[in-house]
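S.K.: got a predicted structure plus its sequence, pasted below:
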Amino acid sequence: MSLIKLDHIVKTYQVGHEKRDVLKDLCLTIKEGSLVAIIGASGSGKTTLMNIIGLLDQPTLGEYQLRGQSFHNLNADDLARIRNQEIGFVFQFFYLLPRLNALENVMLPLQYQNIDPKLAQEKALHWLEKMGLTHVAQQKPQQLSGGQQQRVAIARALVTNPSLILADEPTGALDSKTSDDILNLFISLHAHTQKTIIIITHNPQIAEQCHRIIQLQDGEIIRDEERQK
């Protein structure tokens with residue numbers, strides 16, 4: 001079953017007096033339960049594509065569907081609600097709130113859903129335990145290592161039980177050993193949950209660990225390879 005469908009997507013930005021097509025008539029379908037890498041050099045369009053898939057931006061032309069629903073007529077509040085319910089984000093620089101401890105950071109998306117605080121805490125503790133972080137639940141981000149902060153961010157992405165995990169350069173701010181640990185965590189997470197996970201990266205070694213590689217160049221797909229794992 002297809003989770004994501006992009007039909008003739010064009011994204012155009014105004015640069016001075018000129019218009020620049022960042023995505024050019026892009027068509028793409030991603031099955032539910034896939035582990036996908038979107039790879040490309042800086043300026044290839046991969047971040048713009050991620051923003052459209054994550055409902056952080058909208059295409060200039062074309063249609064994007066998630067679970068068969070199109071989004072071009074929805075207002076900002078509706079888009080924010082769907083992002084909160086359907087999509088978990090993991091970013092390169094973690095974006096944890098420094099005033100909150102690890103547990104409170106993981107609970108944050110559930111607060112936006114007005115979930116009972118006791119239940120929200122139980123769910124957050126569950127995912128911190130899955131990440132091996134129960135012992136740092138009360139610590140602030142600045143007290144944690146980079147790898148621990150990224151694991152907190154992954155727990156936060158998972159706590160709402162989203163359909164889709166979008167990871168934008170999730171190992172980019174980490175050393176090589178910690179990067180390997182985080183990548184292995186995503187692979188294990190996919191194996192155990194069968195969630196759809198899309199990793200946006202410039203690193204071919206990371207892409208090679210995924211089950212499908214989609215490579216962008218100048219806003220177009222130049223490689224779409226299914227791999228046996």
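M.R.: That came in fine, so what should we check first?
S.K.: in the protein, which spans are strands?
M.R.: Assigned by DSSP state E, the strands in the chain fall at 2-15, 18-31, 35-39, 61-66, 69-70, 87-90, 164-168, 196-201, 212-217, 220-226.
S.K.: out of these, which is closest to Lys177?
M.R.: Among the strands of the chain, the nearest to Lys177 by C-beta to C-beta is strand 196-201 (17.4 Å). For glycine as for every other residue, the C-beta is placed from the backbone atoms N, C-alpha and C.
S.K.: how long is stretch 94-107 end to end?
M.R.: By C-alpha to C-alpha, to the nearest Å, the extent of stretch 94-107 from end to end equals 15 Å.
S.K.: buried ones in that stretch?
M.R.: Taking 16 or more other C-beta atoms under 10 Å as the neighbour-count basis, stretch 94-107 is seen to contain the buried residues Phe94, Leu96, Asn101, Ala102, Leu103, Glu104, Asn105, Val106, Met107.
S.K.: can you check stretch 3-12 too?
M.R.: Leu3, Ile4, Lys5, Leu6, Asp7, Ile9, Lys11.
S.K.: could you give the bridge partners of the residue nearest to the spatial centre of the chain?
M.R.: Centroid-nearest residue in the chain: Leu166, 1.3 Å away (criterion: C-alpha atoms, centre = their mean). Taking DSSP bridges, one obtains Phe89, Ile198 as the residues bridged to Leu166.
S.K.: which residues touch it?
M.R.: Met50, Ile53, Gly54, Ile87, Gly88, Phe89, Val90, Ile198, Ile200 (C-beta atoms under 8 Å, 6 or more residues apart in numbering).
S.K.: before we move on, what about Val152?
M.R.: By C-beta under 8 Å, 6+ apart, the residues touching Val152 are Phe94, Leu96, Ala102, Asn105, Val106, Leu128, Met131, Leu133, Val136, Pro141, Leu144.
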